[in-house]
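**Student:** Based on what follows, work out the 3D shape:
(one chain, ligands or ions: 2)
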Amino acid sequence: MSSLSCPTYRSRTSSSSPFLSNHHHSSLINVVDPRRSLSFHYASPQGLNLAELCVVRSQRRSVQSSVVVQDGSVATESSSSEEAKDVGVLTIPSLEADKVVAESDGGEQLSTVSITVVGASGDLAKKKIFPALFALYYEGCLPEHFTIFGYARSKMTDAELRVMVSKTLTCRIDKRANCGEKMEEFLKRCFYHSGQYDSQEHFVALDEKLKEHEGGRLSNRLFYLSIPPNIFVDAVKCASSSASSVNGWTRVIVEKPFGRDSKTSAALTKSLKQYLEEDQIFRIDHYLGKELVENLSVLRFSNLIFEPLWSRQYIRNVQFIFSEDFGTEGRGGYFDNYGIIRDIMQNHLLQILALFAMETPVSLDAEDIRNEKVKVLRSMRPIKLEDVVIGQYKSHSIGGVTYPSYTDDKTVPKGSLTPTFAAAALFIDNARWDGVPFLMKAGKALNTRSAEIRVQFRHVPGNLYNRNSGTDRDQTTNELVIRVQPDEAIYLKINNKVPGLGMRLDQSNLNLLYSARYSKEIPDAYERLLLDAIEGERRLFIRSDELDAAWALFTPLLKEIEEKKTTPEFYPYGSRGPVGAHYLAAKHKVQWGDLSLDQ
Ligand SMILES: NC(=O)C1=CN([C@@H]2O[C@H](COP(=O)(O)OP(=O)(O)OC[C@H]3O[C@@H](n4cnc5c(N)ncnc54)[C@H](OP(=O)(O)O)[C@@H]3O)[C@@H](O)[C@H]2O)C=CC1
Ligand SMILES: O=C1O[C@H](COP(=O)(O)O)[C@@H](O)[C@H](O)[C@H]1O
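**Tutor:** Ligands and ions are numbered 1, 2, ... in the order given. Down below sits the predicted model:
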C-alpha cells in the first residue's frame, strides 16, 4: 500500500497510523482524536489528494455503530456521536453494519471487496470507471483484498481486458512515482467474464469466479451498472439472484438515466426494489462528486459571512450554468430520446440547486442531507412553458471549419425537435426563497465548456457611491461565482476604490483559484463516488423520493413541450446559444452573469 494510503483502510491494516490504535483480539478500533486529525488536515492545505480526502471523510462520518470482532465473529454495538467521540470509536454506517467485518489486525484478512463493472466494454467504463478505480488503488483507498471484474457480452480474455483498460489509465495525480509498477499491480487484480445481461446461468458462472478470488473471505460485492437503461432491471435481477454476496454486503451503482419521466422512473424504482433494498441502490449523479459541488455546503455552513446572506433578503437571483463546446458526437442515439432538459437540468443542475437552497441539515448524515434536499424540491413551483426557452444547434463555419448541425448526426432522426439547449426560470415557494428566480441554462455545442453557479446579490440600498460607479447598478452589485469546471474557483466580485487621488470605483475579484491555492490535482468525481459506494456512504447518491420530486417538477413541462411539438430556436454551433435566453432572463430582471464582459 502507498505511504499515503487512505486512513479508512489504513486503519484496518496498520497500527502505525497517527490517528488510530488497535487493541489486540478484542479488536475495537480506536480513533485517538478525531478532531486532531481534522485540524491536521486544515493545517496542511497544500494537498487535496484522495488520501487526505479519506482522512476527512473517515472523521466526518456520523457515528452510529461500532463493530467488534471477537474470536472471528462479528457483533455490532450502537453508540451515539458523543459516546463515540469520548471513546474514539471508528464508525461504520449503521444500515449495513451487521454485514461488515471490522478489519483491524487480522480482520482485513477476513473480508474482501469485489467490484464488477457491468458493461465493461463500453464508453463510460473505459473513460471513467476503470481510471477512477486505478486512482483509488494508487492512493491506497481500496481495501487490501479486492478484485475487479469486467462483465459484458463482448468476448474477451482477462489479458484482453487488461490491454483495453491499460490504454485508459494515466497517473493523473502529478507525475507520481512508481506509476508503471502500480498499474501492473492493479491490472493483475482485473479479470473479465463474458455473459448476457439477462442470463442467470452466466451470473452464476460469474459468482463462481468471484468466489474463487474471494478465497473464503467475507465477501462484499459492488456492481456498477454501466449499461443502457433498458437492461438495468435484467442485470439487477440476475446479479441479485445469482451473484450477490451471501455473507457481506451487495450494492449496485445505477447510472442515469433513471427513467424519462415520473411514470417510467417510478416503474424503474419499483422493478429495482423487487430485487434490492433502497439502501443497496446507489443512484449516481456524477456532478455531486465534483469538488466544488461538495464544497458548496462547506462554503455556506462553515463561513459566518455567507449563511446570513443566503436568502431572498440579500440574494437577487441564482444561476446554474452548464455549457459544452461540443455536440452530441456519437451519443446522438441516446441523447435524442432524452434531450438537454433530462440529460443535464433534471439531474445535475437540479441537484446542485437543491444543495444550494436547502436548510441547514441536522447533521452531515446522508439521510439528514437528503431530507433537506427533498424538502426544497417539493417546495418548488411547477415549471411553466413560458418560463422556458429551448434551442437546437445548427451547422456553422468558423475559420474555414464547418461544424455539423445536431440533425447531421447519423444517429439522430431527421427533423428531430429534441432540444440541445434550454434555459429556465424556477422558483422555490418557501419563506427563504420566495420570489427569487433560480435560473438554469444548459447547452451543447456552445462557445465554451464550463459549469458554474452564480449568486447575484441585491443592490446596495441608497448607494452612497452611485455617482462614482456609473449608472449600471447591475455592474456594481456583488456576485459570488462558484466555478465547478474548468479551473475550479470561488470568487466574489466586490467594489473597491481605484487607487489614486480621485474617487472612482472599480469591481475586483476576491479569488480562490484552486490551482494556485492547492498543488495537488483534484480527484475525478467518479473516484469520490466509487469510494463512497465502497464505504457505504450514501450522502452523494440520489434517494428514490428525491428522484420522484425531481421528476414531478419536470414531467409536466416535458410532456407539454413534446405534445405541442415546440420548435426549438436554432443557434449556430459554437455560439452563446439562442437569444431567447436573454429575453427570458430579462423578463425576470436578470442578466446572465456568464455573458458580462468582466465575468
Ligand atoms: N458515456 C458517458 O459519458 C455517460 C454514460 N452514462 C450512462 O452510463 C451507462 C453506460 O454508458 P456507455 O458506456 O456510454 O454505454 P454504451 O453504449 O457504451 O454501453 C455499454 C455496454 O453495454 C452493452 N450494450 C450496449 N448496447 C446494448 C444493448 N442494446 N443491449 C445490450 N447491451 C448493450 C455493450 O457491451 P457488450 O456489447 O459487450 O455487452 C456496451 O459496451 C448508460 O446508462 C449511460 O446513460 C452516464 C453519464 C455519462
Ligand atoms: O451526464 C452527462 O454529463 C456529461 C458532462 O459531464 P462532465 O463531467 O464532462 O461535465 C455530458 O456530456 C453528458 O451529455 C451527460 O449525459
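
**Student:** Contact partners for Val318?
**Tutor:** Leu353, Phe356, Ala357, Val436, Pro437, Phe438, Leu439, Ile453, Arg454, Val455, Gln456 (C-beta atoms under 8 Å, 6 or more residues apart in numbering). No exception for glycine: its C-beta is placed from N, CA and C like everyone else's.

**Student:** Now the stretch 51-200 of the chain against ligand 2: closest residue?
**Tutor:** Proximity of the stretch 51-200 of the chain to ligand 2 (C-beta to the nearest ligand atom) peaks at Lys128, 8.8 Å away.

**Student:** Please tell me the pLDDT value assigned to that residue.
**Tutor:** Here the pLDDT value assigned to Lys128 is 96.

**Student:** Tell me how many other residues crowd the residue lying closest to it once chain neighbours are set aside.
**Tutor:** Leaving aside its sequence neighbours, Lys128 sits nearest to Tyr526 (C-beta to C-beta, 6 or more residues apart in numbering; 4.6 Å). Using other C-beta atoms under 10 Å, the number of residues around Tyr526 comes to 23.

**Student:** Would you double-check that the residue of the stretch 51-200 of the chain closest to ligand 2 falls in a strand?
**Tutor:** No - under DSSP: H, G, I helix; E, B strand; the rest coil, Lys128 falls outside any strand and is assigned helix.

**Student:** In terms of pLDDT, where does the residue of the chain found nearest ligand 2 sit?
**Tutor:** Taking C-beta to the nearest ligand atom, ligand 2 has its nearest neighbour within the chain at Asp343, 4.8 Å off. Looking at Asp343, its pLDDT is 97.

**Student:** do Tyr583 as well
**Tutor:** The model's pLDDT for Tyr583 equals 98.

**Student:** can I assume the residue nearest to Lys128 sits in a helix?
**Tutor:** Yes - assessed with three-state DSSP, Tyr526 lies in a helix.

**Student:** Now the closest residue to the residue of the chain closest to ligand 2 other than its chain neighbours: phi and psi?
**Tutor:** Leaving aside its chain neighbours, Asp343 sits nearest to Phe335 (6.5 Å; criterion: C-beta to C-beta, 6+ apart). Torsion angles at Phe335 (phi, psi; degrees, to the nearest 10) stand at phi -60, psi -40.

**Student:** so Phe335 makes contact with Pro413?
**Tutor:** No - in this structure Phe335 lies outside contact range of Pro413 using C-beta atoms under 8 Å: 11.5 Å.

**Student:** Out of the two, name the residue with the larger neighbour count.
**Tutor:** Phe335 (23 against 12).

**Student:** in what helix or strand does the residue of the stretch 351-500 of the chain found nearest ligand 1 lie?
**Tutor:** Per C-beta to the nearest ligand atom, Thr411 is where the stretch 351-500 of the chain lies closest to ligand 1, at 11.1 Å. Under DSSP states H and E, no helix or strand contains Thr411.

**Student:** Quickly note the distance from it to His145.
**Tutor:** 42 Å (C-beta to C-beta, to the nearest Å).

**Student:** quick one: contacts for the residue nearest to Lys128?
**Tutor:** Lys128, Ile129, Pro131, Ala132, His286, Gly289.

**Student:** Now do it against Gly435, distance only.
**Tutor:** Distance, Tyr526 to Gly435, by C-beta to C-beta: 38 Å.

**Student:** Quick check: the residue nearest to Trp310 when sequence neighbours are not counted vs Tyr583, distance?
**Tutor:** In space, and not counting its chain neighbours, Trp310 is closest to Arg300: 6.1 Å by C-beta to C-beta, 6+ apart. For Arg300, the distance to Tyr583 equals 31 Å [C-beta to C-beta].

**Student:** same check, this time on His213
**Tutor:** His213 sits 60 Å away from Tyr583, going by C-beta to C-beta.

**Student:** Around ligand 2, which positions in the stretch 151-300 of the chain sit nearby?
**Tutor:** Taking C-beta under 6 Å from any ligand atom as the contact definition, the stretch 151-300 of the chain meets ligand 2 at His286.
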